[in-house]
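**Student:** no FASTA, just this:
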């Protein structure tokens, strides 16, 4: 049972890292948010976005992009608009 648990945990970690990579790639491809510095972390399919953006539209677009990536369960948006 321990070996199965370890494989499931390792599998979850790999899935989370794949989701993180896909979200980062999608953000870089989008012309509206590609130039901003957004940190992406994933835990059990929940993506946390953090960093600073220039506008509310960039903040919303980054969240939309992350939510559209396969495997994402939810998005916690910790982005802050620079003032």
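**Tutor:** Cool, got the structure. Because the structure is predicted, anything quoted here is derived from the model rather than measured.

**Student:** quick one: mean pLDDT for the helix or strand that contains residue 19?
**Tutor:** Here residue 19 sits within helix 2-29, counting by DSSP states H and E. Average pLDDT, helix 2-29: 75.

**Student:** list the pairing partners of the helix or strand following it within its sheet, with orientation.
**Tutor:** Sequence-wise, the next helix or strand downstream of helix 2-29 (DSSP H and E) is strand 38-43. Strand 38-43 pairs in its sheet with strand 46-53 (antiparallel), by DSSP bridges.

**Student:** what are the buried residues along the host helix or strand of residue 64?
**Tutor:** Residue 64 belongs to helix 56-67 when assigned by DSSP H and E. Along helix 56-67, these residues count as buried under the neighbour rule (16 or more other CB atoms under 10 Å): 58, 59, 61, 62, 63, 65, 66. In short, each C-beta sits where N, CA and C put it, glycine included.
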